[in-house]
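# sequence unknown, structure follows:
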DNA sequence: TATAACATGTAACAAGTTACATGATTTC
DNA sequence: GAAATCATGTAACTTGTTACATGTTATA
């Protein structure tokens, strides 16, 4: 995914940083926006370096482990803006893992389907609570937009799941198999 | 993604099929639910075979190219039900590529952001129309549930984008940079 | 005679994950 | 003296994509 590069370049545009610093920031503040792992960040930074989008130089404070500090190049800035425009203007096709399961509902008994979906509903509601109680204004406006966006989708999902569960309960006709 | 296996196993549970047949079905009827490519399906079928979840045998009609027909094993059925239960009961963390871009809105001028987001809005609306006009009851109830699910999220996204655009228009304070 | 449909893939690549490794320093 | 924090990764693996290859038969 190219969003990982966009994210790293965006953070480096604000200020030059070393890998550990970027990873800490992402883990502490952006865990709701991305699931990028640390090794992936290090590897992506290497790639951005090879591509000439960032420069790196070593720094060391006292006896602490040496750091590789990454800084944007002008090619990197250009690339960032290109990717940002692409990202903002394009609505990419969403695919939900759970839709595959929905296709095969009739392979389980109505009772079990209800149990499973209610468990999912419960998890969704937990997620809604987590996002709704997220502290505001942590890093510019952008993160708050992203959190709001998540909430919108989570709440839509909750409403939809409620409706599906309701309809399955109503439906006395089919008792499924297995 | 394990949903690709779940999908293939689910289709094979209904009836034994060869790869080409599965791919045709997916392309014609499930393009709104999955974006799995043909080579991926062939490779996944191989893996399912190696894992003992499906058996394969050759068939040939006249001089036509030979087919590999895949059929579920009992281990495969068990695996299918395990994955289905997991899939239905679990709400996996959603991540939206577009949220990364939203974080860096302030790096572009208000005017350009509006132009970009309006383009995205237009694409979203096209997608809504496509899903809303999708023919019903193509393969059991499940596909319709999935399409309805997509529509729910697409419409939520449209509403949200509208609101974001509106707020950006209102906001006279910040004119962005670059 | 060309091209679409039938049926299978392979090879090369890109991206991401997990689990592990290293070694110093600060804190409990 | 143990554990957490600082700071970097590598190796092995999995998954998926793209572009290409192959050869037959029916259709226009």
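Arrived safely, thanks for sending. Keep in mind it's a predicted model, so treat the numbers as computed, not measured. Numbers count the residues shown, from 1 in each chain, chains lettered A, B, ... in the order given.

# contacts and neighbour counts: CA atoms only from here.
Fine.

# and residue A:34, what are its phi and psi?
The phi/psi pair for residue A:34 (degrees, to the nearest 10) reads phi -140, psi 160.

# which parts of the helix or strand bottoming out on mean pLDDT in chain A are buried?
Every helix and strand in chain A was compared by mean pLDDT, DSSP states H and E; the lowest is strand A:54-59, with a mean of 92. For strand A:54-59, a neighbour-count test (16 or more other CA atoms under 10 Å in any protein chain shown) marks A:54-56 as buried.

# and it, what does it pack against?
Where contact means 3 or more CA pairs under 8 Å, 6 or more residues apart in numbering or on different chains; DSSP states H and E, strand A:54-59 is packed against helix A:38-50, strand A:67-72.

# of those, which is nearest residue B:75?
Nearest to residue B:75 among the helices and strands packed on strand A:54-59 is helix A:38-50 (35.0 Å), distances taken as CA to CA.

# what does that closest one rub up against?
Outside helix A:38-50, the residues within contact range by CA atoms under 8 Å, 6 or more residues apart in numbering or on different chains are A:4-5, A:8, A:19, A:23, A:54-56.

# count of neighbours near residue A:19?
20 (other CA atoms under 10 Å in any protein chain shown).

# got the angle for the least confident helix or strand of chain A vs helix A:38-50?
Note on geometry: by axes from the mean of the first three to the mean of the last three CA atoms, to 10 degrees, strand A:54-59 and helix A:38-50 are set 110 degrees apart in direction.

# strand A:54-59 vs strand A:67-72, what angle?
Angle, strand A:54-59 to strand A:67-72, by the same axes, to 10 degrees: 150 degrees.

# parallel or antiparallel, list what pairs with strand A:54-59.
strand A:67-72 (antiparallel) (DSSP bridges).

# if we can go back for a sec, which ones, among the buried residues of strand A:54-59, also lie beside DNA strand C?
Among the buried residues of strand A:54-59, none lies close to DNA strand C by the criterion of CA under 7 Å from any atom of the strand.

# out of the residues you listed, flag the one nearest to residue B:82.
Using CA to CA, the buried residues of strand A:54-59 come closest to residue B:82 at residue A:54, 45.6 Å.

# give me the most central residue, chain A.
In chain A, the residue lying closest to the centroid (CA atoms, centre = their mean) is residue A:34, at 3.2 Å.

# which residues does it contact?
When contacts are counted by CA under 8 Å, 6+ apart, residue A:34 touches A:26, B:95, B:100.

# out of those residues, which is nearest to DNA strand D?
Distance to DNA strand D across these (CA to the nearest atom of the strand) is lowest for residue A:26, with 12.6 Å.

# what about that closest one, neighbour count?
The burial count for residue A:26: 22, using other CA under 10 Å.

# again with residue A:8
Residue A:8 has 21 nearby residues by other CA under 10 Å.

# quick one: which helix or strand includes it?
helix A:3-14 (DSSP states H and E).

# is chain B contacted by that helix?
Yes: residues of helix A:3-14 are located near chain B by CA under 8 Å from any CA of the partner chain, namely A:3, A:6-7, A:10.

# tell me the secondary structure at residue A:93.
Classification of residue A:93 by DSSP: H, G, I helix; E, B strand; the rest coil places it in coil.

# how much space separates it from residue B:25?
To residue B:25, residue A:93 is 20 Å away according to CA to CA, to the nearest Å.

# and the contacts of helix A:38-50, which is closest to residue A:74?
Closest to residue A:74, out of all of the contacts of helix A:38-50 and judged by CA to CA, is residue A:54, at 8.5 Å.

# and the closest one, what does it touch?
Taking CA under 8 Å, 6+ apart as the test, what residue A:54 contacts is A:45, A:48, A:70-73, A:76.

# give me the nearest residue to it, chain neighbours excluded.
residue A:72 (4.4 Å; CA to CA, 6 or more residues apart in numbering or on different chains).

# number of nearby residues for the one you found?
Quick note: residue A:72 (other CA under 10 Å) scores 25 neighbours.

# does it touch residue A:55 like I think?
Yes: if you go by CA atoms under 8 Å, residue A:72 and residue A:55 touch, sitting 6.3 Å apart.
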